[in-house]
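Q: Sequence unavailable; structure follows:
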């Protein structure tokens with residue numbers, strides 16, 4: 001058992017009523033002879049009316065699934081790994097019902113650090129990783145996908161956001177750092193600050209693609225099938241994903257300044273979350 005899993009197990013004991021998300025691993029042979037692929041599906045066992053979340057036990061389950069995939073990747077048994085969700089739901093982030101149960105700093109730290117440690121393992125795998133945003137994705141659900149090498153999104157996706165600032169928090173599992181380095185600081189400010197302070201505005205699937213968060217957009221009816229076909233072509237080198245060159249100089253500073261202007265106009269310095277996110 002890893003140190004991360006031990007920390008999460010300890011936090012899980014404080015949250016006995018967590019609706020636990022399982023991370024099911026299944027294997028399939030990709031089209032076009034691209035090779036064997038491991039697919040992790042996040043599912044809490046309920047229908048779409050109870051969205052999938054990440055509490056401490058759920059993170060530990062994902063950590064265990066990555067253990068398995070990591071070993072297979074190291075052994076050359078798979079050519080890639082993907083993560084997706086149950087019907088209509090990808091994942092909606094941290095399980096905030098457990099926040100009030102965390103009375104000590106070490107327990108809150110275990111969940112915050114645990115999310116970072118688990119998610120970053122996706123980026124460290126010896127094979128390319130793919131996130132398939134099949135349904136609603138918010139907060140940590142968005143962030144787990146940001147740690148992957150590639151992302152696809154469904155046209156039927158109804159809601160996609162980093163709502164933390166709206167809730168008085170910050171996107172703490174990589175949203176504030178990975179997103180601006182993926183799509184540019186100005187677009188990231190729109191997603192993290194402007195949308196959140198605009199009554200938690202949600203993005204649709206097509207907007208996620210247009211922003212450059214996702215690399216491909218597919219119809220909802222056969223989304224996973226099309227995503228796997230696309231994955232096979234990426235792995236075979238038939239599709240090359242191009243990413244924009246990110247201006248980390250003047251444009252970055254201007255974007256942060258715009259974010260502060262938006263925050264000032266909305267909360268007038270009275271709520272710190274937007275400013276912490278910008279920092």
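A: In hand now; what should we look at? The structure displayed is predicted, hence computed values, not measured ones. Numbers count the residues shown, from 1 in each chain.
Q: Just name the shakiest helix or strand of the chain by mean pLDDT.
A: helix 3-12 (a mean of 64; mean pLDDT, DSSP states H and E).
Q: That one: what's the following helix or strand?
A: Helices and strands here follow DSSP states H and E; after helix 3-12, the next one along the chain is strand 22-30.
Q: List the buried residues of that next one.
A: Buried residues in strand 22-30, counting neighbours by 16 or more other C-beta atoms under 10 Å, are found at 22, 23, 25, 30. Backbone N, C-alpha and C define where each C-beta goes, glycine included.
Q: hey, what's the second one bridged with?
A: In this case it means residue 23. residue 42 (DSSP bridges).
Q: Name all residues that make contact with it.
A: 40, 41, 42, 58, 61, 62, 64, 65, 66 (C-beta atoms under 8 Å, 6 or more residues apart in numbering).
Q: Run through the stretch 51-200 of the chain and note the low-pLDDT ranges.
A: Residues of the stretch 51-200 of the chain meeting the criterion pLDDT under 70: 98-102.
Q: Residue 95: which of the contacts of residue 23 is nearest?
A: Nearest to residue 95 among those: residue 58, at 7.2 Å, using C-beta to C-beta.
Q: Contact partners for that closest one?
A: Going by C-beta under 8 Å, 6+ apart, residue 58 touches 18, 20, 21, 23, 44, 52, 95.
Q: try 10 Å this time
A: Applying C-beta atoms under 10 Å, 6 or more residues apart in numbering to residue 58 gives the contacts 8, 12, 15, 18-23, 42, 44, 52, 91, 94-95, 118, 140.
Q: Contacts for the helix or strand where residue 258 lies, please.
A: Per DSSP H and E: residue 258 is located in helix 250-267. The contact list for helix 250-267 (C-beta under 10 Å, 6+ apart) reads 165, 180-181, 184-190, 192-194, 196-198, 246-247, 269, 271-275, 277-279.
Q: Those, buried ones only, as a ChimeraX selection?
A: To isolate the buried ones among the contacts of helix 250-267 in ChimeraX, judged by 16+ other C-beta under 10 Å, type:
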select :165,180,184,185,186,187,188,189,190,192,193,194,196,197,273,274,275,277,278
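Q: Now the terminal residues of stretch 127-146, how far apart.
A: Using C-alpha to C-alpha, to the nearest Å, one end of stretch 127-146 lies 16 Å from the other.
Q: since we're on residue 200, how many residues are nearby?
A: Neighbour count of residue 200, defined by other C-beta atoms under 10 Å: 16.
Q: Next one: it from residue 167, what distance?
A: Here residue 200 is placed at a distance of 8 Å from residue 167 (C-beta to C-beta, to the nearest Å).
Q: Likewise for residue 72?
A: Relative to residue 167, and taking C-beta to C-beta, residue 72 is found at 37 Å.
Q: same check, this time on residue 157
A: Following C-beta to C-beta, the distance that separates residue 157 from residue 167 is 21 Å.
Q: more crowded one of those two?
A: residue 157 (26 against 13).
Q: Report all helices and strands that whatever helix or strand residue 225 lives in contacts.
A: Residue 225 belongs to helix 223-235 when assigned by DSSP H and E. On a contact count with 3 or more C-beta pairs under 10 Å, 6 or more residues apart in numbering; DSSP states H and E, helix 223-235 meets strand 22-30, strand 35-43, strand 80-85, strand 129-133, strand 150-154, strand 216-218.
Q: now the angle from it to strand 150-154?
A: Inter-element angle recorded for helix 223-235 and strand 150-154: 150 degrees (by axes from the mean of the first three to the mean of the last three C-alpha atoms, to 10 degrees).
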